[in-house]
Every structure is written in C-alpha cells, then in structure tokens.
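**Q** Generate a structure from the sequence data that follows.
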Amino acid sequence: MFLDGDDILGQVEVEECKLYLEIRWSGRDFMVNWFYRRKKIKITVAMSSNVEVEAEGGQYRMETGADLISLKQSQSGTGLAEDAWCLEAAWEVANKVGGIYTVLRSKAAVSVQELGDKYIMLGPLTPSHTHEVEEVAPPPTSALARSVAVARDKGWRLVVGKWLVTGHPTVVLFDTASAEGSMNRWKHELYVKAQIGIPHGDTEANNLVIFGFMMAQFIADFRWQLSRKSEENEEDKSPHVVAHFHEWMAGIGLMMLRLWKVEVATVFTTHATLLGRHLCAGAMDFYNYLEHFNVDVEAGKRKIYHRYCLERAAAHLAHIFTTVSDITGQEAEHLIKRRPDLITPNGLNVKRICHEFQNLHQTNKLRIMNFVHGHFHGHLNFDLDKTLLFFTAGRYEFGNKGGDVFIEALARLNHYLKACNSDVTVIAFIIFPTKNTSFNNESLKGHAISKSLQETVNEVKAKIGRKLYESCSRGELPGGSDLMSRDDISKLKRVVLAGGQRSSWPPITTHNVVADDKDPVLESLKRCSLLNSPDDRVKVVFHPDFLNSDNPLLGLGYEEFVRGCHLGVFPSYYEPWGYTPAECTIMGVPSVTTNLSGFGGFIQEHVSDPSSYGIHVVDRKFVSVEESVRSLAQIMFDFSQLTRRQRIIMRNRTERLSELLDWRRLGAYYSQARTRALATVWPEDYSCTPGAGTGAWLYPRPASSYSSYSRRTRETDTENGDDIETEETEN
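**A** Sure thing, here's the model as predicted:
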C-alpha cells in the first residue's frame, strides 16, 4: 500500500514463517514494524538501507531507500494554479444514464478537494435533479451569479446548486426546453461554421445542439465575467479557464468555443467511440479489421454520420484529447483519426476498513444461500458448504460483454468437475437486465416452500432450546424424546411432505423473459445443456432484472450481492474500461477480465502478476475464441479447487489492489490533462512535462504463493485456526 503522511507505505507478507512487515513513512525515516505471529517489533530504517527477511525456504528482500522514495514522489499531483477555473461538462452530470455518471459522481470529491469552489459541473436539467441536486444561490457578486443572471435574461431556465454526492460540487443545469426557440438558428450556425447538418427527425441530436450552444454561451460569458472582475480588482493577469467535455453528447459546446475563438483551454474525453459501439453491436471481427474500416461508409450505413462527425470534430478541435484506456486509444486513433494525448483511467472512491470486507462476504453469502435454498428446493443434492458462487453482470450486450464465452466455458467447467468426481458445486448467476413480465412461478413456489420450512424449523428450534434450558436448570440431561413432542414431529413432516420432490428441474431463470425463444442467454444455456440437471456440477440462474433490496427473491442490492460471491467473471470483447471487475477489486472479490477491456490492460500494466492478486486476464486479442473459452474454463476450474484458506488469502490480496483504483491516485491523470491544456493556451504561465505526476510504478509479485502455504496446511485448517487473523473466517 502507498498512502500519504504517516499512513502505511508498504507491506510484505511472508506466510511461510507467519512474518509480516509494515513500512511507514515518517517524513525523514521509514518506520518498519515486524509482526511475528502476534508480536510486534519496531525498527527505524535509514533511507539508504535495505530490509532483508530470512525465512525457511528462501530469502525475501525489499529496498527501503530510493525505490520507496521514488514511489512516494511519483504520487505528487500536477494541480492547477490557484487562479485557474475548471468547468466540467457532460450529459450525465446529475443524470443517471450510463457509466459516465459513475465516473463523474465518484470523481467529484477529488476534483473539489483539488480546485475547491473553482470547480463547476455543467449538465442538463432532468426530472432526476429534484433528488440529486440541492438548489443553492451563488454569491451575488460572483462571476457565476452574473453569468447565470445573463443567461436567465435570455429566457433560459437554469438551476444552480450542489450535487448531493461526496464532495458536494457546484453544478449548473440547463433546461434545453427553455431555449427551443433558438434551435433552428443554432443548427444553421453549426452547419455554416462546421459543415455538419443535423437531421430534423433526430430528436436526441436536436436536444444536444441546444445543450451545446447553451453551455458554450454560458462558458464564454463566464470567462468574460471573470475578466471583468479582474479589471475591477486591477489585476494584470487574465483569468485562466479550462473546459473539460465528456463524450460526443457534450462535444458541440467544445466545438463552438473553438469556432468562436473564446480564450478557454479545452479537454475532450471519449469513454468509448460512437462508431466503435455500433460496429461491435453488429458482431463484427472488430479489432482485426480496425485499421481497414471506411469510417464514413460505416457511419453512413448505420445512419449516425452526423453524430460521428460531431464526435470527430470535438476530438480534433480540443487542445487535449484523452481516452480512458489504451485499447480505446487504439480505437480512437483509427476511427476518429486522432491519437489520444493522455490516458485518463477511471477510478472509484475507496474506503478501506481493514478486514471488514471478509465479514461482509460471509454475511451476504449466507443471504444468497437462502435464495439457493428456495430456488433449488427439491433438488438440493449438493453440499452448500462446498458450493461456490460465480457471477457476471452488465448491460445486455450479449457478445460485447462476453456472455457467449462465459456460458460456453461453464459447460466445459461442468464437464471438468464431473470428470474428476469433484464434490464442489458452482452456481453461476447471469445478471443481464432485459424485458420480462413477472417472476417465474416455479421460482416463487420454491421460495414460498423454503420460507415455510424455515419458519417451522425456527419455531421447533425455539421450543427445543427452551426445554433444554429448563432441563439443564434442574440438573437433568434430556433425551431426544423429551425435546421434541409428537406435535412438533408432525409439523415437520407436514412441511417436508408439502414441498416434496419437484417433478421438474429447478428453473434456469428467475423471471418470465419476453420472447424467451429468441433470448441469446436462454438459447446458449439450452445449446450447452446447462439446465440445472441433478447430475450437473454447474448450476445456472439467469436474473434478467436489476438487483435491489426490494426484490422478493434475492432481496440484495448489487453491492451486497457482489460481496457475497466468490468470483466475478467478465470475459468482455468490447469494454472500453470495465467498472464491474474494478468494483469487485475494491470489495475484495477475485475476478476474471480480458486484455480487450480497459481495466484488464490497466492491471497488466501496473501489476506484475495479476493472477497472484486474484485478477485473471484472459487473452481475447491474440488467440481464437476456442482458446479463450478453454483458458476461461481452466481458470474457473482451478479456482474451484482452492481451499477455504487459499480463497481467504486471495481475497486479501485482491482487496489490496483497491488502492490502485482510488481516485486519490488516478485523479492525477485528469489533473495533468487540464494542466497540459492550460499550457497549450498559456505556455508562458504553465509548463507541463508529459507523464509528470502520474507515476510509472508496478505492483510487485507477492513474496510468497498462497497455494503453497495452503497445501501445507490443508489438513490442519480447523486445528490451527489461531494462526490466522480472526477476521479471516469465511467459506
């Protein structure tokens, strides 16, 4: 771990001898704490010295001098100057549409911490703002208040307030309906100055034209108000403003600022190219033909040529162009014909609470097992203590999200487990929201029977406990006939017989899917014979709806569900970033991703051996689909053969990487993008070295292997439990 101040700077674990090393930076020296079992020894190490650990079976060494200092210095930010303003614009500001909403929402706290009140977010006014934004009037003499007043004098409706997320950033939301009267004039100006025509029938694009022009005029006026305020204060230096736009939906605002020659630095970030999404949706061999696409023809075929032109123009007009991953950068270079100036990976707000994630896993796993009891009622011929929970989730883009590869690999895994007579059962959840009518009757019936059985057992258990206590209080040891009456036995028999044995196998879906005969998930499950047969070692549950705590079957939110699972599997073919495996990482859940996802590429770049940290990267770029399926099946099989102790250690290591995805670290990339844009417009005031402040570092391979440690202790898992931290109690 690498944190600021007096926090932990590094940690080494040597499981073979139960020795733990903790390194803290105290300003001048490194404080090294050694833990042997439960003893702690403090050592102060000079900056130029080394630490060596002698252990049976090998020697482990860690440089505590220049290497750690360089790691610490690599985290230094490239914050903006005190007089610089940043306006960040996107269609998803306080408007939950897609993944960009998560990016902006989670990044807000870091941006506010860096820029304070000089960070303003611009977005559309939608009905969701009523519970997302608290209206707050800006100071009446501020440049923001003056700019808002000018906009309202034009008849526009604007809402200014605080977004109710961590950091509470200032937001300005524009009601596009209030400026509809200017739409045709603005579309004409866009055509005259940029030669891009917007079809009248494209309602979404029409709204984006209004949104873009409103933002551009507001930013231009805001820049003028700042200049006016500087003149009033007799300041020689003109105000510096950087406007950061996300995706093509906000691109028109950037285009007009450049075409009007407004003195504002601009940054444009694409999280996935528009044409790339459409090409992959057509099940094309996207990456092999990436260099050969005729982009104009392909965009015209899909009737998105005007949208494609908007995205391409915004990317080329921006002073700094960024994407979220290297794989998306390659896509942008070939499809919108500009190589990104900088990669700005997405992060998350990470709050680490020691080993609490292990306890949360245990709690939520038991809740999922309650669902398993009901869904598989009548066919519980497997040991729940030896049952593993796998899952995949995301938008219902079956091929792009790797649903086809996942199901095919599950079929191979089923065969592997049967062939080796394994006593492990895998339950695979497929969470792809799609159209459905209602809950499956068989699933509801099984849960009703399971609930009735649980209530009866709890009632009988309470009676037995009371009788047992009373007998022991009298100094007597009761026999079995004394604890359970005939009425209790009759109740249990009735509820058991009421459930009985199902005549059909457990359903493979929890809902009635619309047009189920054409649904790709159901078709693939049937083709691969994954139908929850009693002989199958891999069971499947297709949940075609969003997860929320109000769900009468699972009753879990998405985060709770993820924490309760053992492995997340995301073998995506098209995934510009990939928040699902990133979320698994910060929750301490091992995952599978691919080298065609932004997250997979990021992990491979910054972690020397990702699989040793519980993040497996499947190759979907350089090998055939068959080889990818075989590789994924082998990864899942190997995971299913791990012991409890091994899974505990793996989860600890996975969670350790959460710091790698923290916005407090990754926010430096966005800060550098803004600084480079300012340096482009005002080179005399800013100097920026490409790559400065972002740090080029690599997480080393763990000093020891969790597998070797666990094999040695496999036979003593329950006998020597005191050697493991008490928080690490799990399945």
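
**Q** quick one: contacts for His131?
**A** For His131, the contact set (CB atoms under 8 Å, 6 or more residues apart in numbering) comprises Leu164. Bear in mind the C-beta positions are built from the backbone N, C-alpha and C, glycine included.

**Q** Could I get the buried residue list for the host helix or strand of it?
**A** Here His131 sits within helix 129-132, counting by DSSP states H and E. Buried residues in helix 129-132, counted by 16 or more other CB atoms under 10 Å: 129, 132.

**Q** now it, how far from the centre of its chain.
**A** From the chain centre to the centre of helix 129-132 is a distance of 23 Å (CA atoms, centre = their mean, to the nearest Å).

**Q** Repeat that for stretch 397-417.
**A** Put simply, stretch 397-417 sits 21 Å off its chain's centre (CA atoms, centre = their mean).

**Q** So in this structure, which helix runs the longest?
**A** Longest helix in the chain, counting residues (DSSP state H): helix 441-473.

**Q** which residue ranges form the helices in the stretch 501-650 of the chain?
**A** Assigned by DSSP state H, counting those that start in this stretch, the stretch 501-650 of the chain shows helices spanning 520-527, 558-564, 579-586, 598-606, 625-640, 644-656.

**Q** tell me the angle the fourth one makes with helix 579-586.
**A** Which is helix 598-606. Using axes from the mean of the first three to the mean of the last three CA atoms, to 10 degrees, the inter-axis angle of helix 598-606 relative to helix 579-586 is 50 degrees.

**Q** Would you mark the buried spots in helix 598-606?
**A** Under 16+ other CB under 10 Å, the buried positions of helix 598-606 are 598-604, 606.

**Q** need the helices for the stretch 101-250 of the chain, in chain order.
**A** 129-132, 143-153, 183-194, 203-232.

**Q** now these in TSV, with distance to Ile449 and mean pLDDT?
**A** Output for these, formatted as TSV (distance: least, CB to CB, whole Å; pLDDT from 0 to 100):
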stretch	distance to Ile449	mean pLDDT
helix 129-132	39	85
helix 143-153	60	96
helix 183-194	59	97
helix 203-232	48	91
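
**Q** which one of these lies closest to Asn364?
**A** When those are compared by CB to CB, helix 129-132 sits nearest Asn364, at 26.7 Å.

**Q** returning to that earlier point: how about the longest helix of the chain: buried residues?
**A** Buried positions in helix 441-473, judged by neighbour count with 16+ other CB under 10 Å: 442-447, 449-450, 453, 456, 460, 464.

**Q** Sketch out the low-pLDDT regions of the stretch 551-700 of the chain for me.
**A** Scanning the stretch 551-700 of the chain for pLDDT under 70 picks out 688-697.

**Q** Okay, now the unreliable bits of the protein?
**A** For the chain (pLDDT under 70), the answer is 1-82, 230-237, 283, 353-355, 499-502, 688-697, 703-731.

**Q** domain assignment for it?
**A** 84-343, 378-433+519-659+704-723 (automatic domain parsing).

**Q** Switch those domains over to CSV; also include distance to Leu366.
**A** Putting those into CSV (distance: least, CB to CB, whole Å) gives the following:
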stretch, distance to Leu366
domain 84-343, 28
domain 378-433+519-659+704-723, 8
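
**Q** Of the ones you listed, which is nearest Glu684?
**A** Across the domains of the chain, Glu684 has its closest neighbour in domain 84-343 (10.7 Å, CB to CB).

**Q** end to end, how far does that closest one reach?
**A** End-to-end span of domain 84-343 (CA to CA, to the nearest Å): 22 Å.

**Q** Stretch 530-539 too?
**A** Start to finish, the residues bounding stretch 530-539 are 7 Å apart (CA to CA).

**Q** Check which residues of it are buried.
**A** For stretch 530-539, the neighbour count (16+ other CB under 10 Å) marks 530, 532, 536-539 as buried.

**Q** In strands, which of those residues appear?
**A** 538-539 (DSSP state E).

**Q** Number of residues surrounding Asp545?
**A** When neighbours are defined as other CB atoms under 10 Å, Asp545 has 18 of them.

**Q** so what's the residue nearest to it when sequence neighbours are not counted up against?
**A** Nearest residue to Asp545 in three dimensions, chain neighbours excluded: Pro433, at 5.6 Å (CB to CB, 6 or more residues apart in numbering). Taking CB under 8 Å, 6+ apart, we find Pro433 in contact with 395-396, 544-546.

**Q** same thing with Thr102?
**A** 346, 579.

**Q** and what of His511?
**A** Neighbouring residues of His511 by CB under 8 Å, 6+ apart: 436-440, 543-545.

**Q** Mark which of those residues are buried, thanks.
**A** Of the contacts of His511, these count as buried by 16+ other CB under 10 Å: 436, 439-440, 543-545.

**Q** List just the nearest of those to Leu468.
**A** Using CB to CB, the shortest approach to Leu468 within those belongs to Phe439, at 39.6 Å.

**Q** Count residues in the vicinity of Thr344, would you?
**A** 27.

**Q** Compute the distance between the residue positioned nearest the centre of the chain and Phe268, please.
**A** Closest residue to the average C-alpha location of the chain: Tyr579 at 2.6 Å, with CA atoms, centre = their mean. Between Tyr579 and Phe268 the computed distance is 21 Å (CB to CB, to the nearest Å).

**Q** if we can go back for a sec, return the helix holding His131 as CSV; C-alpha atoms alone will do.
**A** Output of helix 129-132 as CSV, limited to C-alpha atoms (Å, rounded to 0.1, in the frame of the first residue of the first chain):
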residue,chain,number,x,y,z
HIS,A,129,-32.3,16.7,-10.4
THR,A,130,-35.0,17.1,-7.7
HIS,A,131,-33.5,14.3,-5.6
GLU,A,132,-29.9,14.7,-6.9
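
**Q** Just the closest of the buried residues of helix 441-473 to Glu476, please.
**A** Closest approach between the buried residues of helix 441-473 and Glu476, by CB to CB: Ile464, at 14.9 Å.

**Q** Identify the residues contacting the closest one.
**A** Contacts for Ile464 were tallied using CB under 8 Å, 6+ apart; they are 483-484.

**Q** where's it relative to Gly475, distance?
**A** Counting by CB to CB, the gap from Ile464 to Gly475 is 19 Å.

**Q** related to what we said a few turns ago, taking the contacts of His511, tell me the two that lie furthest apart.
**A** Using CB to CB, the pair of the contacts of His511 lying farthest apart is Thr437 and His543, separated by 14.6 Å.

**Q** what's the closest residue to Leu274 other than its chain neighbours sitting at in phi/psi?
**A** For Leu274, ignoring the flanking residues on the chain, the nearest one in space by CB to CB, 6+ apart is Glu311 at 5.2 Å. The phi and psi torsions at Glu311 (degrees, to the nearest 10) take the values phi -60, psi -40.

**Q** can you redo the helices of the stretch 501-650 of the chain as JSON lines with distance to Leu384?
**A** Shown next, in JSON lines, are the helices of the stretch 501-650 of the chain (distance: least, CB to CB, whole Å):
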{"stretch": "helix 520-527", "distance to Leu384": "22"}
{"stretch": "helix 558-564", "distance to Leu384": "13"}
{"stretch": "helix 579-586", "distance to Leu384": "22"}
{"stretch": "helix 598-606", "distance to Leu384": "32"}
{"stretch": "helix 625-640", "distance to Leu384": "15"}
{"stretch": "helix 644-656", "distance to Leu384": "14"}
